[in-house]
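Enquirer: Pasting a predicted model and its sequence here:
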Amino acid sequence: MHIEYQIISQQSPYWPQVLDIRQRLLRMPLGLNLYDEDLQGEADQYTAVALIDNQVAACLMAKTLNEQLIKFRQMAVDTIYQKIGIGARLLAYTEDYCRRQGYKHIELNARFSVAGFYIQSGYTQVGDLFEEVGISHIKMIKTI
């Protein structure tokens, strides 16, 4: 299986697939609709994707907070590609891309159910559990 990693824009032909994965995996299970949200601010964010046979298998959004700090958000791996390392490789690819752009630190709000994934990737928990979109999250950070 050949996997290609890219940073795409909203003008990319892959953008609708990114929205579909985020809607199916991150919003619908919570009774939310991504398409009801204001997505205008995402135009200035990085969107990293893992592509298999020209299909988006995974995505990760990254939002600049300041010149040294970037926030990762809305990471999703399509169901049929979970548990085979695509998420970890997409995370590493995006971290490397951000490092090359000059960022020094990453922060993210991990769903508590997947915090172990981020800990294995070198992230550190900061603060206490909090609720976001109706589920438990934990803030995590990493220096890159």
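Expert: Now that the structure is in, tell me what you want to look at.
Enquirer: any chance you could map the strands in the chain?
Expert: 3-8, 46-52, 55-64, 69-77, 105-111, 124-132, 135-143 (DSSP state E).
Enquirer: how distant is the first one from the center of its chain?
Expert: Relative to its parent chain, strand 3-8 has a centroid offset of 13 Å by Cα atoms, centre = their mean, to the nearest Å.
Enquirer: which helices and strands does it pack with?
Expert: Secondary-structure packing of strand 3-8 (3 or more Cβ pairs under 8 Å, 6 or more residues apart in numbering; DSSP states H and E): strand 46-52, helix 86-100. Where C-beta positions appear, they are placed from N, C-alpha and C, glycine not excepted.
Enquirer: make it 10 Å
Expert: With contacts taken as 3 or more Cβ pairs under 10 Å, 6 or more residues apart in numbering; DSSP states H and E, strand 3-8 sits against helix 15-21, strand 46-52, strand 55-64, helix 86-100.
Enquirer: just the longest one next, same as before
Expert: Helices and strands touching strand 55-64, as assessed by 3+ Cβ pairs under 10 Å, 6+ apart, comprise strand 3-8, helix 15-21, strand 46-52, strand 69-77, helix 86-100, strand 105-111.
Enquirer: Of all those, which one is nearest residue 124?
Expert: Ranking those by proximity to residue 124 (Cβ to Cβ) places strand 105-111 first, at 10.3 Å.
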